[in-house]
Each structure stands twice: as C-alpha cells, then as structure tokens.
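**Q** sequence first, predicted coordinates after that:
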Amino acid sequence: MNLSLMLAERHAAGRPIRVGLIGAGKFGSMVLAQARKIPGYHIVGVADLDAGKARTSLKRVGWEDNEYAATSLGNAMDTGRTFVTQDAKALCDFEGIECIIEATGHPLAGTRHALMAIEGMKHIVMVNVEADVMCGPILGKMARDKGLIYSMAYGDQPAFICELVDWVRSSGFELISAGKGMNFQPEYRYSTPDTVWGYFGWSEEFVAKGDFNPKMYNSFTDGTKAAIEMAAVANGTGLDCPDDGLAFYPSGLQDLAQVFKPASEGGRMPKAGLVDIAASQEPDGREVLNNIRYGMFVTFKAPDEYTRECFKQYGLLTDKSGWYGSMWRPFHLIGLETSVSVLSAVLRGEPTGSSREFRGDAVATAKSDLKAGSYLDGEGGYATWAKAIPATISTAIDALPMGLAHHVKLKRDIGRDQIVRMSDVELVDDLDVVNLRREQVRTMGPKAVAEAAE
C-alpha cells in the first residue's frame, strides 16, 4: 500500500519510472489519459503501426501537442516528453525504458512484442490477454529466468481476480471458485459481426455515428473474451476451467456463495477449484437482480465453526449454510488503473497476477458447420468462438488455440460446436509463434508436468 510513496521518492530524486506503450487503441488511450496525471511516471514512447492514430489518441485524451513532440526516444528521455513511433522494437531495445505495456490486443503481435521486451531486458505488463492465454506461461517463465516481471494488467478483470484469489489464500480460507460477471445468454454463442449490434439493441444509424469495431464487440458477446480471460486466470491462480467449458450461471450478489460452490454442497459447480462466469441475464433474457456485470468475485469456505460465526457477525454474504462466503469487486476501469502494474513491477518487483502454469486453454470451436477450404477469421468473427477448457484436455486432442485461429485454412469439414484441432488447419504462416506454443506444450503442458513429478 505504498506504491505512491515509493514513486514520490523516485520523482523527488529525479528518477522517473520510464515506460513504453505499444498500442494506442481504447486500452492504450485510457493508459495515456492517466499517465500525465502521475508525477514521476513518464511514457517515453508510444508505438503503433498507425502513428497518426496514436497522435489522435493522445490529443483526444487531453495531451498538449508539445507533450508528444519528442523527436526521438533519447530526446523524450532528456526532455520528459513522449516520442510517437511505428517501431515497437525500438521501445523494447531502448535502454532508458524500464517497462513495456503491450496493449495491441493482437495475439501474434503481442507474443512477438513480449519476446522483444524480454530480449531487451524490460518488465512487461501484458494487457494482451489473447497472447497471454496462448503463450503466457512460457513467456512468463522466460521473463522470470532473466529476473524480469511478466504481469497481467491491473484494471483488467483477470488481474483483479488473481488479487482476490491471493486475498482468500493469504487469509487462510479455502478457495472454492473465482470468476467475473458479464452479459450473456446461450444464443449469444453464435453471434457474428453482422448480428452483434442487435444484442446491444443498437440501430445501424447509431453504430454508423460511432467508432465501433464489430469483431471486438462480438468477442465479448459470443463468450470468446470470457473464455480467454478465465483460462488466463486459471494459469495465474492454479484453478481449472470446467471440462466442458464455462457454464455462465446467472447469479446476483446475494447468490454468489450459493451458486458458485460444488453441486454436492447444494451449488451449481461440478466441483471446487474452478473458474466460471456470473451471467447478468437469465436464459430467457430477464436481468439478474444485483448482478455483477462489470465485477469480479471469489467464493470461499470457512475452515471451522468459529470463522463461520465471524462471517455472520460481520455481515458477509454467505450461502444458506453460512459456511461459504463471497467477496467481490464491483467495477474495473481497465487502462485507467494499469499504472499500478507498472509501479508494482518496477518498484516492488512483483506482478499483479502472472501466468505461471499451463492449466487453462481457450480453443477455437465452430459456430456453424464449416467446410474444408474455408478460412477461420479469428476472435469475434464468423467462424469460431473460444471454449475455455483444461489444458489436460486441449493438449490431449491437440486443440487449436484461439490466438492461432486467424486466417488459417481448414483441411477438413468441422461440425458446429466441434473443437478445431491443430491438424485440421494449414499452419503455413506465423510459425515462430506456432513453434513457441508447441514448446510451451512440450515443456510446460500437463504431460511434461506429470513426467517431471515422477
């Protein structure tokens, strides 16, 4: 609870925390909006393939022109200004930068940027959950082996869930489950970029007036983003994904402890130790009372009668028995809070959540009957949704991670709701990332862990 004090001391000593940001989209813009309000926190460089868009983002969030008028990274470091570039590698190589924020949202580019950052001896705040869920465990290990921090982004839901899980364990309670809230109904699973606006209740005229990315919004709608984030949480906490994917149990605050406990104890979970989603809508579309659509939660169990009585005395929301309780955070402000991760990495040498095991996977699953010769179109597209399953299952069937399901050609027909396998597609591009993923399976997958334990 002293990050701001530690930063103030560095600022007073003339040693600001120097940061490089890759990606100036929505998340990156929110990072930039707060960065100029934090004394001692210096965004040395912003890298985006569209440098003009990056400058537009800076202007939109309130930066003055002269604040991002640096002529080079060196000039930015000397003047306290910010340099805008298209060269992400230059940020990763620049000696003056201590931490890289990867906020592109592109799984292939994000993986490569993380490798560049590690090579450049930079801490990494991996906003890019798409890359993290695909290769995060091995990237995290590579960073740790060099004494670097590889961290989830504070402000995003996975990091907050990891924080809640850490609170449960540090308090001596028995962790039962963890997850987040979101808007979901079963029919959303098959949403496409053509149908997604209907689920938001938005007209074509309304959409035309804004800067809305249909694939991005559709990734949230069809459950893909939930699968990616929950599999990442599994890798960061040691929890597991359900064998048949996320169930999206409708639940409000008053029911979290009752719903997210094992079915053997009167709940709805197959067993303890799982991640899942508290849906904010019932299957018929009715809104759940006191839903936590924007929040995160954990459920946990009292270890003895005395603690159970304390739960009651201090007003904790519990299940009917009083043994199971829930704790939650109601909101997350994504990029507005990500500076906490940077400061934690640089000043404390600690991540705000990090993928340490390969336990969960988000794998490509057909939205409809797909024909051989057709192409998959990635997250939020027409062809596939992501299913969160244990790595024990995904590696056994050689499932295709969602991060590799973009612009790859099918070699055979795939039925609706069938998981796509690596052998079902032609992997001719992006082989560097494909090989890194395969190395993660070989060295950190369930089979490798089991063999090492023998």
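**A** Received it, and whenever you're ready, just let me know what you need.
**Q** what's stretch 76-88 in contact with?
**A** With contacts defined as C-beta atoms under 8 Å, 6 or more residues apart in numbering, stretch 76-88 is touched by 16, 18, 22, 42-51, 54-55, 58, 63, 66-73, 75, 91, 96, 109, 113, 116. From N, CA and C alone the C-beta is placed, and that goes for glycine too.
**Q** from these, which land in strands?
**A** 18, 22, 42, 43, 44, 45, 46, 47 (DSSP state E).
**Q** where does this structure have its least confident helix or strand?
**A** helix 204-208 (a mean of 81; mean pLDDT, DSSP states H and E).
**Q** all helices for the stretch 251-400 of the chain, in order.
**A** For the stretch 251-400 of the chain, the helices defined by DSSP state H, counting those that start in this stretch occupy 256-259, 305-313, 339-343, 391-396.
**Q** and the next element down the chain from the lengthiest helix in the chain?
**A** If each helix of the chain is counted by residues according to DSSP state H, the longest one is helix 129-145. Once helix 129-145 ends, the next helix or strand along the chain (criterion: DSSP states H and E) is strand 150-152.
**Q** so how far is residue 384 from residue 179?
**A** 23 Å (C-beta to C-beta, to the nearest Å).
**Q** mind checking pLDDT for residue 1?
**A** As predicted, residue 1 sits at a pLDDT of 71.
**Q** and for residue 14?
**A** We have a pLDDT of 96 for residue 14.
**Q** give the contact list for residue 272.
**A** Residue 272 sits next to 174, 175, 176, 177, 261, 262 when contact means C-beta under 8 Å, 6+ apart.
**Q** got those residues as CSV, with neighbour count, distance to residue 414 and pLDDT columns?
**A** Listed next are the contacts of residue 272 as CSV, based on neighbours: other C-beta atoms under 10 Å; distance: C-beta to C-beta, whole Å; pLDDT from 0 to 100:
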residue, neighbour count, distance to residue 414, pLDDT
174, 15, 41, 98
175, 20, 36, 98
176, 25, 36, 98
177, 26, 31, 98
261, 25, 36, 98
262, 18, 34, 98
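**Q** which of the residues you listed fall in strands?
**A** 174, 175, 176, 177.
**Q** okay but the first one is in contact with residue 300, surely?
**A** Same thing as residue 174. Yes. The pair residue 174 / residue 300 is scored as a contact, 6.0 Å apart, by C-beta atoms under 8 Å.
**Q** roughly how far does residue 83 sit from residue 28?
**A** Distance, residue 83 to residue 28, by C-beta to C-beta: 15 Å.
**Q** what about these two, which has more around it?
**A** Comparing residue 83 with residue 28 by neighbour count (other C-beta atoms under 10 Å), the higher total belongs to residue 28, at 29 against 25.
**Q** could you dump the helices of the stretch 251-400 of the chain to a markdown table with mean neighbour count and distance to residue 439?
**A** Formatted as a markdown table, these follow (neighbours: other C-beta atoms under 10 Å; distance: least, C-beta to C-beta, whole Å):
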| stretch | mean neighbour count | distance to residue 439 |
| --- | --- | --- |
| helix 256-259 | 26 | 38 |
| helix 305-313 | 13 | 44 |
| helix 339-343 | 25 | 26 |
| helix 391-396 | 20 | 13 |
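**Q** out of the contacts of residue 272, which is nearest to residue 356?
**A** Nearest to residue 356 out of the contacts of residue 272 is residue 175 (C-beta to C-beta; 15.8 Å).
**Q** show me the domain layout of this protein.
**A** Using automatic domain parsing, the domain parsing of the chain gives 3-155+335-348, 158-184+223-331, 360-453.
**Q** how about the helices in the stretch 1-150 of the chain?
**A** Counting by DSSP H, counting those that start in this stretch, the helices of the stretch 1-150 of the chain are 3-12, 26-35, 51-60, 73-79, 88-93, 107-119, 129-145.
**Q** out of the ones you listed, nearest to residue 441?
**A** Closest among these, once you apply C-beta to C-beta, is helix 129-145, at 9.2 Å.
**Q** buried residues in the closest one?
**A** The neighbour-count check on helix 129-145 (16 or more other C-beta atoms under 10 Å) flags 129-143 as buried.
**Q** identify the residues contacting the most centrally placed residue in the chain.
**A** By C-alpha atoms, centre = their mean, the chain has its centre lying nearest to residue 129, at 3.5 Å. Counting by C-beta under 8 Å, 6+ apart, residue 129 touches 152, 156, 158, 228, 229, 232.
**Q** ok, 6 Å please
**A** If you count contacts by C-beta atoms under 6 Å, 6 or more residues apart in numbering, residue 129 has them with 228, 229, 232.
**Q** residue 89 too?
**A** Applying C-beta under 6 Å, 6+ apart, we find residue 89 in contact with residue 116.
**Q** make 26 the starting number, not 1.
**A** That works, and once the first residue is 26, the last one we named lands at residue 114.
**Q** residue 131 versus that one, what's the distance?
**A** To residue 131, residue 114 is 15 Å away according to C-beta to C-beta.
**Q** can you check residue 52 too?
**A** With C-beta to C-beta as the criterion, residue 52 and residue 131 are 12 Å apart.
**Q** with residue 155 instead?
**A** Using C-beta to C-beta, residue 155 is found at 7 Å from residue 131.
**Q** overlap in contacts of the two?
**A** With C-beta under 6 Å, 6+ apart as the test, residue 155 and residue 131 reach no residue in common.
**Q** of residue 52 and residue 131, which one has the most company?
**A** Taking neighbours as other C-beta under 10 Å, residue 52 and residue 131 compare with residue 52 leading, 23 against 19.
**Q** ok, the more buried one touching residue 127?
**A** No. Look at residue 52 against residue 127 with C-beta atoms under 6 Å: they stay out of range, at 10.0 Å.
**Q** which neighbours do these two share?
**A** The contact sets of residue 52 and residue 127 overlap at residue 152 (C-beta under 6 Å, 6+ apart).
**Q** ok so, going back, quickly name whichever of the contacts of residue 297 is closest to residue 437.
**A** When the contacts of residue 297 are ranked by distance to residue 437 (C-beta to C-beta), residue 202 comes first, at 36.9 Å.
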